[in-house]
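Peer 1: any chance you can model this:
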Amino acid sequence: MKTFNYTIQDALGIHARPAGILVKQAAGYQSAVKIAKGEKSADAKRIFGVMGLGVKTGEEVTITVEGADEDTAIAELEAFFKENL
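Peer 2: Next comes the predicted model:
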């Protein structure tokens, strides 16, 4: 299992467009991908779960990846967050 924390920089937080892009990115991995904010967590491959977290600018999320391709997934997801969120 691999994890990283990221503070959201996008001025609108994780709204519909970046949530959709995140779900599409996460769906490309065999590993389970979870996103958490505080006590709440969601499957990053499900848009309603990601949107339900209500992540706003300046809030920190924790991404957890567990599975066969977790090393590749965690590196690519960390780069994805830095470029898009």
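
Peer 1: who touches Thr57 in this structure?
Peer 2: By Cβ atoms under 8 Å, 6 or more residues apart in numbering, Thr57 lies in contact with Ile8, Gln9, Asp10, Ala11, Leu12, Gly13. (Glycine included, C-beta is placed from N, CA and C.)

Peer 1: want to try a markdown table for those residues, with secondary structure as columns?
Peer 2: Below are these laid out as a markdown table (DSSP: H, G, I helix; E, B strand; the rest coil):
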| residue | secondary structure |
| --- | --- |
| Ile8 | coil |
| Gln9 | coil |
| Asp10 | coil |
| Ala11 | coil |
| Leu12 | coil |
| Gly13 | coil |
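
Peer 1: and Thr72, what does it touch?
Peer 2: Contacts for Thr72 were tallied using Cβ under 8 Å, 6+ apart; they are Tyr29.

Peer 1: count of residues packed around Ala19?
Peer 2: 23 (other Cβ atoms under 10 Å).

Peer 1: wait, doesn't it sit right on Gly52?
Peer 2: No: between Ala19 and Gly52 there is no contact under Cβ atoms under 8 Å: 9.8 Å.
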